[in-house]
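*Asks:* just to be clear, the model below is a prediction. Sequence and coordinates:
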Amino acid sequence: MPRRSIRATAAQFDLRPVLREVGDLPAQLTSPLLFGNERPLEIEVGSGKGLFMQSVSAANPKTNFVGVEIARKYATMAAIRLARSDAKNALMIAGDAEPLFASRIPVELLAAVHVYFPDPWWKAKHKSRRVLNDQFIANAVRTLQVGGRFHFWTDVLDYFSSTIERMAMVAPELGPPLPEVCTEAKHELDYRTHFERRSRQHAIPVYRVYYRKLQSSPERPTDIGG
Ligand SMILES: C[S@@+](CC[C@H](N)C(=O)[O-])C[C@H]1O[C@@H](n2cnc3c(N)ncnc32)[C@H](O)[C@@H]1O
């Protein structure tokens, strides 16, 4: 969608219930404060155009979903999808997920964290910009309840392998990596995300894993921010 038409489309909807600014958020991101109920909460980091947010919220009406997307254009596109499907259990936050996970999500609150096709930052000197860095992993896993899930898919093998290594080092309380089931797409949008659709349609391998948190995280070390 070109920028102009995103603005024009956005103007047709009341996006306020489905698109939040970081400055307008409650101090803590919880279901009661965001949705006015006690349902389980799952967060997707880097929602892009919002396909996952739209399909997962429609398929799981008894769970709340928050998508955090740093690029305003994509946060708005994802919010438009949620408004179109009249989602009452999902909203987008336009902002950076890293500080939110560092200090705005209570320990052991989330039922799941989803990270699909994070930006690979190919150049060696830029790899420190990857969202799945040690500090983010530790912060995100701390927010997961025992039994909660951490999903990570990518089409970048180096990102996949190095993240699996770092997960074992930084968050051993997650348990072992588990395989995700991948099924045949039954229609044009029957993919986890837009990037998954693009990779599969171009026959690019997709690496998928999820973890289950087996026990509580250790106390926050003093060198991990928040
Ligand atoms: C490669 S895209 C993948 C989008 C989507 N997950 C998909 O699979 O189609 C990565 C997305 O993560 C977003 N992103 C990168 N860093 C982020 C951060 N710190 N917080 C929130 N979103 C972020 C980018 O703006 C981009 O939309």
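*Replies:* Perfect, I can see it now. Numbering: from 1, shown residues only.

*Asks:* and the residue nearest in space to the middle of the chain, backbone torsions?
*Replies:* Among the residues of the chain, the one closest to the centroid is Glu44, at 1.6 Å (CA atoms, centre = their mean). Main-chain dihedrals, Glu44, degrees, to the nearest 10: phi -100, psi 130.

*Asks:* correct me, but it touches Tyr116?
*Replies:* Yes - the criterion here is CB atoms under 8 Å, and Glu44 meets it with Tyr116 at 7.3 Å. Backbone N, C-alpha and C define where each C-beta goes, glycine included.

*Asks:* common neighbours of these two, please.
*Replies:* Common contact partners of Glu44 and Tyr116 (CB atoms under 8 Å, 6 or more residues apart in numbering): Phe52.

*Asks:* report pLDDT for Ala59.
*Replies:* Listed pLDDT for Ala59 reads 98.

*Asks:* and for Thr30?
*Replies:* Per the predicted model, pLDDT is 98 at Thr30.

*Asks:* Met53 too?
*Replies:* Per-residue confidence at Met53 stands at 98 (pLDDT).

*Asks:* not counting sequence-adjacent ones, nearest residue to it?
*Replies:* Closest residue to Met53 apart from its sequence neighbours, by CB to CB, 6 or more residues apart in numbering: Gly67 at 4.4 Å.

*Asks:* what about the one you found, how many neighbours?
*Replies:* The local packing of Gly67 (other CB atoms under 10 Å) involves 32 other residues.

*Asks:* moving C-terminal of whichever strand or helix holds it, what's the next helix or strand?
*Replies:* Element membership for Gly67 (DSSP states H and E) is strand 64-69. Of the helices and strands lying after strand 64-69 in sequence (DSSP H and E), the nearest is helix 72-84.

*Asks:* can you tell me which strand in the protein is longest?
*Replies:* The single longest strand within the chain, with elements called by DSSP state E, is strand 144-154.

*Asks:* before I go, just wanted to say thanks for your time.
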